[in-house]
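fold the following for me, if possible:
(chains A and B)
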Amino acid sequence: MIDFAFFVEIIPTLLSGLPLTLQLAGLSIGIGFALALLLALAQQGNHRMLVWPIRSFVAVFRGTPLLVQIFLIYYGLGQFRPTLQAVGLWWLFREPYWCAIIALSLNTAAYGSEILRGAIQGVPRGLVEAASAFGMTRLQTLRLVVLPLALRQAIPSYSNEIILMVKGTSLASIVTLMEVTGIAQGLISQTYRAVEVFVAAGAIYLTINFTIISALNALETWLTPYRVRA
Amino acid sequence: MKVCRLAAVAAALSMLGFMHTALAEDAPKAITIATEGAYAPWNFTNADGKLDGLEIELANNLCERMKVKCTIIAQDWDGLIPSLKVGKFDVIMASMFITPKRLETIDFTQPYAIDPGGFAAAKDSDLGKLGPSTEKFKLDDEAASKAAVDKLKPLLKGKVVGVQAATAMLEFLKKYFGDTVEIREYKTTEQHDLDLAAGRIDAIFAQKTALAATLAKPEFSGFTVAGPGFVGGLFGAGTGAGLRKEDAKLKEMLNDAISAAIADGTIKRISEKWVKTDVTPVK
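Next up is the predicted model:
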């Protein structure tokens, strides 16, 4: 039933969507991480006016499906064109590409900020006190003591989030972006051979994620050689 | 004794085989018809959450004629043919064109409607200034349809055109305008309508009746159907009901029911009710 010649035929077509998949994943993971770090740090200060809006943002983006978020940002905001034009943001929301990047980035920022917040709070209080006893400023403590330990601690959970984002890009085809999954659906509509096409598309995602997992494992081993998995 | 038992088993088996063929030849008493439910006015989900539209009314009418109990369900457009093939339902009535490509995979009844494909764009755009035209070009007539396409090309150069994915409409755009326009593929026509209104795309390409229904909504007052319609060629023989190749009896029943509905003016009446024009196929 499985026809290898057919696989050979469809894989180049599917791979033509790979650059877009990687761009969507790379950009949104990058932007999302920067945002997540900012949000996590802002919550360390316990300023109510700062903490509550962030918590609401995190609750909303963790509590709703990514699919719904992409729909709302693309089709929902598309209906407020005059307002968006007035504030000069329409060029951004006009393009399906940027709408997808915004949705994916905000989503991963919400999850990422919780991972990083936990990791930062997990740094032993004594180390921070010791740093201030040395006469380090708060910024120095953060840069030299807290963040290196917290980020190292966060790698395993954050790698989960990165993998979820790579898979999350498969939703971008609903806003007309023809990444790997979008192309796969197009191929199925032409050939009606859902099994082969989705197996091939799945293999592509598996390869990307396997590469990412290996890279992050290597990074973890390099940073924490004393607790290498047996 | 042993021989006896063997004979009994053989008899039972042959009975089963006989029953199986008998079932295949028998007229089905109940069928499930799938539609998309997102292609107004042909098939859509109304305010009460029920399926409604031209094809829903026609399906019920055909089932009455065939004396078959019908259940109508909604299924995403791009999953219709794969699901039919694996037997999730028996018939597709989803404004699906009988294209040569689809005929390789499934079978169709005779057409119950013919509806050309066309563009819609903003009234003040180069394309929109053409306004609606009742002209129809047969894609099988290559010279005439090429002339019509070449007339449209300069008006569409570099524009973004929205179209539903996995449709003959998309095949048409790729083949005739692939070098002229940027094509954006949408899951449903409702989505490209929204993007046309939002100004993200310059034009849409769909069945003319669907365009007319969209443009009748107040938020589309600035848009118009533009240019001629296209039929035949990769659009095939028209809109028909899709079914599995092995369901010959069901095809025969549906064909008879469609012929009767064409003959007594039912299709004309239903189509004028829903799409404001007569889409009855002319022989």
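
rest of the way, CA atoms for contacts and neighbours
Noted.

for chain B, what are the nearby residues on chain A?
A:75, A:78-79, A:81, A:94-95, A:174-177, A:185-186, A:189-190, A:192-194 (Cα under 8 Å from any Cα of the partner chain).

these, buried ones only, as a PyMOL selection?
Of the residues of chain A next to chain B, the buried ones can be selected in PyMOL as follows, counting by 16 or more other Cα atoms under 10 Å in any protein chain shown:
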select buried, chain A and resi 75+78+81+94+174+175+176+177+185+186+189+192+194
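
so of the residues of chain A next to chain B, which ones are in helices?
Per DSSP state H, helices hold the following members of those: A:78, A:81, A:94, A:185-186, A:189-190, A:194.

most widely separated two among those?
Spatial extent of those (Cα to Cα) is set by the pair A:Arg81 and A:Ala194 at 37.8 Å.

okay, the ones in helices among the residues of chain A next to chain B in TSV with pLDDT next?
Converted to TSV, those look like this (pLDDT from 0 to 100):
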residue	pLDDT
A:Gly78	90
A:Arg81	91
A:Arg94	93
A:Gln185	91
A:Gly186	89
A:Ser189	83
A:Gln190	82
A:Ala194	84
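
who's in contact with residue 139?
You didn't pick a chain, so chain A it is. Listed by Cα atoms under 8 Å, 6 or more residues apart in numbering or on different chains, A:Leu139 has no contact partners.

actually, chain B is the one I wanted.
B:145, B:230-234.

if we go to 10 Å?
Residues counted as contacts of B:Leu139 (Cα atoms under 10 Å, 6 or more residues apart in numbering or on different chains) are B:145-146, B:148, B:172, B:230-236.

confidence score at it?
With respect to pLDDT, B:Leu139 scores 93.

that older thread, farthest pair in the contacts of B:Leu139?
Of all pairs in the contacts of B:Leu139, the most separated under Cα to Cα is B:Ala148 and B:Gly236 at 18.6 Å.

per-residue pLDDT of A:Ser16, please?
Looking at A:Ser16, its pLDDT reads 96.

what does B:Gly227 give?
Note for B:Gly227: predicted pLDDT of 93.

and B:Lys29, by the same measure?
pLDDT for B:Lys29: 89.

where does the residue lying closest to it once chain neighbours are set aside fall, phi/psi-wise?
Counting by Cα to Cα, 6 or more residues apart in numbering or on different chains, B:Lys29 lies nearest to B:Val68, which is 5.0 Å off, once chain neighbours are set aside. Main-chain torsions, B:Val68, degrees, to the nearest 10: phi -120, psi 140.

so what's B:Val68 up against?
By Cα under 10 Å, 6+ apart, the contact set of B:Val68 is B:27-31, B:60, B:62, B:253.

closest to chain A out of these?
The shortest approach to chain A among these belongs to B:Ile31, at 22.7 Å (Cα to the nearest Cα).

who's that closest one bridged to?
Counting by DSSP bridges, B:Ile31 forms beta bridges with B:Cys70.

residues near A:Gly126, how many?
The local packing of A:Gly126 (other Cα atoms under 10 Å in any protein chain shown) involves 9 other residues.

who touches it in this structure?
A:Ser132.

quick check: which element contains it?
For A:Gly126, the element it lies in under DSSP states H and E is helix A:125-133.

state the next helix or strand along the chain beyond that helix.
helix A:138-141.

and that following helix, what's buried?
Within helix A:138-141, the residues that count as buried by 16+ other Cα under 10 Å are A:Thr141.

ok, back up a step: closest to B:Tyr112 out of the contacts of B:Leu139?
The closest of the contacts of B:Leu139, once distances to B:Tyr112 are taken by Cα to Cα, is B:Gly236, at 12.8 Å.

hang on, the earlier thing: which of the contacts of B:Leu139 has the largest number of neighbours?
Compared across these, B:Phe235 has the highest neighbour count, 27 neighbours, by other Cα under 10 Å.

quick one: contacts for that one?
Per Cα under 10 Å, 6+ apart, neighbours of B:Phe235: B:96-101, B:114-117, B:138-140, B:167-169, B:171-172.

show the buried residues in those.
B:96-99, B:114-117, B:138-139, B:167-169, B:171-172.

out of those, which are inside helices?
Cross-referencing these against helices under DSSP H gives B:168-169, B:171-172.

I'd say A:Tyr97 and A:Thr169 touch.
No - between A:Tyr97 and A:Thr169 there is no contact under Cα atoms under 10 Å: 11.1 Å.

show me which residues of the stretch 151-283 of chain B sit near chain A.
B:162-167, B:171, B:183-188, B:191-192, B:194-201 (Cα under 10 Å from any Cα of the partner chain).

okay, and the beta partners of B:Gly229?
Going by DSSP bridges, B:Gly229 forms beta bridges with B:Lys136.

could you tell me how many residues sit around it?
When neighbours are counted by other Cα under 10 Å, B:Gly229 registers 23.

isn't it up against B:Ile114?
No - between B:Gly229 and B:Ile114 there is no contact under Cα under 10 Å: 11.3 Å.

now for the two: what residues contact both?
B:Gln207.

where in chain A is pLDDT low?
A:1-2, A:228-230 (pLDDT under 70).

any chance of the contacts of B:Val68 in TSV, plus neighbour count and secondary structure?
As requested, those are exported to TSV (neighbours: other Cα atoms under 10 Å in any protein chain shown; DSSP: H, G, I helix; E, B strand; the rest coil):
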residue	neighbour count	secondary structure
B:Ala27	17	coil
B:Pro28	16	coil
B:Lys29	10	coil
B:Ala30	13	strand
B:Ile31	16	strand
B:Asn60	17	helix
B:Leu62	21	helix
B:Met253	20	helix
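
flag every buried residue along the strand or helix carrying A:Asn160.
Element membership for A:Asn160 (DSSP H and E) is helix A:147-168. If you call a residue buried by 16+ other Cα under 10 Å, then helix A:147-168 has these buried ones: A:147, A:149-151, A:153-155, A:158-159, A:161-163, A:165-168.

tell me the one of the residues you listed nearest chain B?
Using Cα to the nearest Cα, the buried residues of helix A:147-168 come closest to chain B at A:Gly168, 17.7 Å.

doesn't A:Ile174 make contact with that closest one?
No - the pair A:Gly168 / A:Ile174 is not scored as a contact, 11.8 Å apart, by Cα under 10 Å.

check the contact lists of the two and give me the overlap.
By Cα under 10 Å, 6+ apart, A:Gly168 and A:Ile174 have these common neighbours: A:Leu67.

number of residues surrounding the residue in the stretch 1-150 of chain B that chain A sits nearest to?
Per Cα to the nearest Cα, B:Pro82 is where the stretch 1-150 of chain B lies closest to chain A, at 5.8 Å. B:Pro82 is flanked by 18 other residues according to other Cα under 10 Å.

how close does it get to A:Tyr75?
Distance, B:Pro82 to A:Tyr75, using Cα to Cα, to the nearest Å: 28 Å.

what of A:Val197?
Going from A:Val197 to A:Tyr75 by Cα to Cα gives 28 Å.

same question for B:Asp52.
B:Asp52 sits 24 Å away from A:Tyr75, going by Cα to Cα.

just checking, what packs against the strand or helix carrying the residue of the stretch 1-150 of chain B closest to chain A?
Assessed by DSSP H and E, B:Pro82 sits inside helix B:80-85. Packing partners of helix B:80-85 (3 or more Cα pairs under 10 Å, 6 or more residues apart in numbering or on different chains; DSSP states H and E): helix A:180-191, strand B:30-35, strand B:91-92, strand B:242-243.

where do the strands of the stretch 101-250 of chain B begin and end?
With DSSP state E, counting those that start in this stretch as the criterion, the stretch 101-250 of chain B has strands at B:107-108, B:117-122, B:132-138, B:160-164, B:182-186, B:203-207, B:223-231, B:242-243.

fine by me, we can end here.
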